[in-house]
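Undergrad: Give me the fold of what follows.
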Amino acid sequence: MAARVVARQLNADRSDCLGPEAPCTCGAMARYAGRRPKSFESVLGLLTLERAYYHCGACRAGFCPRERALGLEDGMLTPGVLRMVGMVGAKVSFEEGHELLSELAGVEVSTKHIERAAEALGREVAQDERQVVAPAPAPGEVAPTLYLGIDGTGVPMRASELEGREGKQPDGSSKTREVKLVTVWSAGGRDKEGIPVRDEGSVSYSAAIESAATRDTDDRPSEVAQRVEREAQRRDFYSAQRQVVLGDGALWVCNLLEEQFPGAIQIVDRFHPKQKLSEVAKSMYGPESESAKEWGRQRHDELDAGDIDGILAALRVHQSLDDEARKCVDYVQRNRDRMQYAKFRADGLCTSTGVVEAGCKVAIGTRCKRAGMHWTVSGADAIIALRCCHLSGRFQDFWNRRSVAGVMAT
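TA: Residues are numbered from 1 along each chain as shown. Now for the predicted structure:
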């Protein structure tokens, strides 16, 4: 009933007829071609509006001034419903989104329509992320220590997106594409053991299926490097008294962080070298061997104490006979300055990328890695952008910019 009342009131207003002609976006004049009905799904129910329709002979396109004025040019959903679709599309599967809108709001939008609308909105969010970098906070608002971490996680893809790509399957093929995630946070609090704890509401995410590769002849940084730079600017990372960058010790991560943040404190997440040392122990003594467990514990203790030379000495005893030990020697040597955990702890710094790894699960895995899901790159990137925007507390700012842009366009 409310929808019919609103429709009747809007349809009684004929001011959207601008005369026999109206300017088209192509620059030519479009002619008035009568009033035409169209139904829209609104938060009140189905609205059927009569709109003045103009057709441009130059570009062969048609438009309705009323749709422009009401923000209805994007399809059959009103802005209120589109925002709902963006919310459910970011949080749950498209089928679950359909059920939630129907049960909780009485809004009927098909599963396929939710998919199309949420991905289209996600692409707008991704474009907004590339174009808009928030201004630096006012003096005093930047945390004394800011952390920036990078990690990657695979997302299951459709077969057409994987042709010719090498992977970890027995036949050398791949089932996934890697999403690169950038996370920024602060950790001013401490738990009862004195370990830094992330500050509530301080975590932000930015992610996409992008390449970290560059060539010497490239005149621009890689896509991932550009994303890292945008997020650093957005969080005013460079203004923090202490800038800390964390990664898993992978060569591409270390190179990127060292190049972009030469003055920052670099830390390899302590769980990664511990995991590698445990793998070496299993390779040398067997997975269930007590000797393997004891050797691993000794190396872990040395790592916590900052005795990198002791670790290297123990590894070199076995490197000629064990390939895992040889590779671990290279890993530890390359990252020894990033593995000074005793010093880092004494300085009150986080030495774990738990926030980043949790982000991979929360921002990516929870939505995109559920059973039976297979994505296109375009679809995954759109939903990931939408989800990161929500989780980072930026959706309202995006929506405000979108609304202002729509008003200015009319």
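
Undergrad: From here on, just use CA atoms for contacts and neighbour counts.
TA: Noted.

Undergrad: any chance you could map the strands in the stretch 251-400 of the chain?
TA: Secondary structure of the stretch 251-400 of the chain (DSSP state E, counting those that start in this stretch): strands at 265-268.

Undergrad: where in the stretch 151-300 of the chain is pLDDT low?
TA: 216 (pLDDT under 70).

Undergrad: May I see the buried residues of stretch 238-250?
TA: 238, 239, 240, 242, 243, 244, 245, 246, 247, 248, 249 (16 or more other CA atoms under 10 Å).

Undergrad: would CSV of those residues with distance to residue 301 and secondary structure be doable?
TA: Below are the buried residues of stretch 238-250 laid out as CSV (distance: CA to CA, whole Å; DSSP: H, G, I helix; E, B strand; the rest coil):
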residue, distance to residue 301, secondary structure
238, 34, helix
239, 35, helix
240, 32, coil
242, 27, strand
243, 27, strand
244, 24, strand
245, 24, strand
246, 21, strand
247, 21, strand
248, 19, coil
249, 19, coil
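
Undergrad: can you list the domains in the chain?
TA: Here the domain parsing of the chain from automatic domain parsing is 2-73, 145-269+352-375, 272-337.

Undergrad: between these, which gets nearest to residue 396?
TA: domain 145-269+352-375 (14.5 Å; CA to CA).

Undergrad: Quick one: neighbours of the closest residue to residue 322 other than its chain neighbours, just the number.
TA: The shortest distance from residue 322 to any non-neighbouring residue, by CA to CA, 6 or more residues apart in numbering, is to residue 284 (6.7 Å). Counted with other CA atoms under 10 Å, residues neighbouring residue 284 total 19.

Undergrad: so how far is residue 144 from residue 284?
TA: Look at residue 284 and residue 144: by CA to CA, to the nearest Å, they are 44 Å apart.

Undergrad: Kindly report the same for residue 9.
TA: 55 Å.

Undergrad: try residue 63
TA: According to CA to CA, residue 63 stands 52 Å off from residue 144.

Undergrad: what about these two, which has more around it?
TA: Ranked by neighbour count (other CA under 10 Å), residue 63 and residue 144 place residue 63 first, with 19 against 15.

Undergrad: OK, contacts around the residue lying closest to the more buried one once chain neighbours are set aside?
TA: Of all residues not flanking residue 63 in the chain, residue 54 sits nearest, at 5.5 Å (CA to CA, 6+ apart). Contact partners of residue 54, counting by CA atoms under 8 Å, 6 or more residues apart in numbering, are 21, 22, 30, 31, 32, 33, 34, 62, 63, 64.

Undergrad: Not counting residues beside it along the chain, what's closest to the last one?
TA: Leaving aside its sequence neighbours, residue 64 sits nearest to residue 53 (CA to CA, 6+ apart; 4.8 Å).

Undergrad: Wait, a strand at that neighbour?
TA: Yes - secondary structure of residue 53 (DSSP: H, G, I helix; E, B strand; the rest coil): part of a strand.

Undergrad: ok, it - how many residues close by?
TA: Residue 53 has 23 nearby residues by other CA under 10 Å.

Undergrad: what does residue 383 give?
TA: With other CA under 10 Å as criterion, residue 383 counts 29.

Undergrad: do the same with the one 3 residues further on
TA: Applying the criterion other CA under 10 Å, we find 29 residues in the vicinity of residue 386.

Undergrad: Quick one: residues contacting it.
TA: 86, 90, 121, 122, 125, 126.

Undergrad: Report the buried members of those residues.
TA: Counted by 16+ other CA under 10 Å, those give 86, 90, 121, 122, 125, 126 as buried.

Undergrad: thinking again about what came up before, nearest to residue 391, out of the domains of the chain?
TA: Among those, domain 145-269+352-375 sits nearest to residue 391 (CA to CA), with 7.1 Å.

Undergrad: now the helix or strand hosting residue 122: how far from the chain's centre is it?
TA: Element membership for residue 122, per DSSP states H and E: helix 111-131. Computed by CA atoms, centre = their mean, to the nearest Å, the separation of helix 111-131 from the middle of its chain amounts to 13 Å.

Undergrad: What of stretch 109-120?
TA: On CA atoms, centre = their mean, the centre of stretch 109-120 falls 20 Å from that of its chain.

Undergrad: Quick one: mean pLDDT for it?
TA: Mean pLDDT, stretch 109-120: 95.

Undergrad: Which parts of the stretch 1-150 of the chain are helices?
TA: 2-12, 65-70, 79-91, 94-100, 111-131 (DSSP state H, counting those that start in this stretch).

Undergrad: Of those helices, which is nearest residue 230?
TA: Using CA to CA, those put helix 111-131 closest to residue 230, at 7.7 Å.

Undergrad: Take the closest one, keep the C-alpha atoms, and write them as CSV.
TA: C-alpha atoms of helix 111-131 as CSV (Å, rounded to 0.1, in the frame of the first residue of the first chain):
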residue,chain,number,x,y,z
THR,A,111,19.5,-14.6,-6.7
LYS,A,112,20.8,-13.8,-10.2
HIS,A,113,19.8,-10.1,-9.9
ILE,A,114,21.5,-9.9,-6.5
GLU,A,115,24.7,-11.4,-8.1
ARG,A,116,24.6,-8.9,-11.0
ALA,A,117,23.8,-5.9,-8.8
ALA,A,118,26.3,-6.7,-6.0
GLU,A,119,29.1,-7.3,-8.5
ALA,A,120,28.3,-4.1,-10.3
LEU,A,121,28.4,-2.2,-7.0
GLY,A,122,31.6,-3.9,-6.1
ARG,A,123,33.2,-2.7,-9.3
GLU,A,124,32.2,0.8,-8.4
VAL,A,125,33.8,0.3,-5.0
ALA,A,126,37.0,-0.9,-6.7
GLN,A,127,37.1,2.1,-9.0
ASP,A,128,36.5,4.4,-6.0
GLU,A,129,39.4,2.7,-4.1
ARG,A,130,41.7,3.4,-7.0
GLN,A,131,40.7,7.0,-7.3
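
Undergrad: report the angle between the axes of it and helix 79-91?
TA: 90 degrees (axes from the mean of the first three to the mean of the last three CA atoms, to 10 degrees).

Undergrad: Name the residues of helix 111-131 that come out as buried.
TA: Buried, per 16+ other CA under 10 Å, within helix 111-131: 111, 113-126, 129.

Undergrad: my read: residue 34 touches residue 62, true?
TA: No - judged on CA atoms under 8 Å, residue 34 makes no contact with residue 62 at a distance of 11.7 Å.
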